[in-house]
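K.L.:
3D, please:
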Amino acid sequence: MSEEPPLSAEVSSRKPNALGAVPMFAIVGFVGFVVDSGVTAGLQSLGLAFAFARPPGVAVATVLNFALNRRFTFQATHLPILPAFLRYVGVASAGLLVNYLTSLAAVWLARRIGIPSTPIMAPVFVAAGVGAAMVITFHGFKRYAFKDR
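P.N.:
Next up is the predicted model:
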C-alpha cells in the first residue's frame, strides 16, 4: 500500500482551476477596493481632486493585490517574485487604464446628472472602474502573470 502525501503537500502542488480561483480573486479584489477607495477618499478630503487622488490609491492597492493574489488566488505559481510582479504589473496596467478611465467617466456622468464628486462618492466611482477591469485582469493574471512557463 502506497502512503498518501500529506494534505498540505497535495494542496500546494495543485493548480487551482479558473472557477475555483474566482471567489478568492473577488475577495482579494474587495480588499484592494477598500484600500484604493480609502486612500482616494482620504486624499480627496485633504483637498486633492479625484483625478489626482486616485493614482496613489491604485498604486497601493496594486502592490497589496499582487501579494494577496500570489499567496492565495494563484498560489501554484513557481515563478520568482520579481518576474511574477513584472508580469502582474504589465497585465494590471491594461486593467488599471480601463479602471481609471471608467472611474473618470463615472465622475463625469455623475456631474452631468447633478451628483457632485465628493469624498463620500469616491467608493462609487472606484467601484465602477474596478468592475470594468475585473474580467480583463483575472484572465490576464491567470493566463500570463501567474502562469509558469
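K.L.:
In contact with the residue positioned nearest the centre of the chain, which residues?
P.N.:
Per C-alpha atoms, centre = their mean, the C-alpha nearest to the average position across the chain is that of Gly29, at 4.7 Å. Residues near Gly29 by C-beta atoms under 8 Å, 6 or more residues apart in numbering: Asn65, Val130, Met134. Every C-beta, even on glycine, is put in place using the N, C-alpha and C of the backbone.
K.L.:
What is the lowest-pLDDT residue among those?
P.N.:
For those, the model is least confident at Val130; its pLDDT is 81.
K.L.:
Wait, that one touches Val34, no?
P.N.:
No: using C-beta atoms under 8 Å as the test, Val130 is too far from Val34 to be in contact (10.6 Å).
K.L.:
So the two - more neighbours on which side?
P.N.:
Val130 (24 against 14; other C-beta atoms under 10 Å).
K.L.:
buried sites along the longest helix along the chain?
P.N.:
Using DSSP state H to define each element, the chain has its longest helix at helix 81-112. Using 16 or more other C-beta atoms under 10 Å as the test for burial, helix 81-112 gives 84-85, 87-88, 91-92, 95-96, 98-100, 102-104, 106-107, 110.
K.L.:
Stretch 30-49 now?
P.N.:
Gly32, Phe33, Val35, Asp36, Ser37, Gly38, Val39, Thr40, Ala41, Leu43, Gln44, Leu48.
K.L.:
Any chance you could list what contacts stretch 103-115?
P.N.:
With C-beta under 8 Å, 6+ apart, stretch 103-115 has contacts from Phe50, Ala51, Arg54, Pro116, Ser117, Met121, Val124, Phe125, Val126, Ala128, Gly129.
K.L.:
quick one: average pLDDT of stretch 88-96?
P.N.:
90.
K.L.:
from the chain's centre, how far out does that stretch sit?
P.N.:
Put simply, stretch 88-96 sits 9 Å off its chain's centre (C-alpha atoms, centre = their mean, to the nearest Å).
K.L.:
In the protein, where is pLDDT below threshold?
P.N.:
Across the chain, residues meeting the criterion (pLDDT under 70) sit at 1-19, 76, 149.
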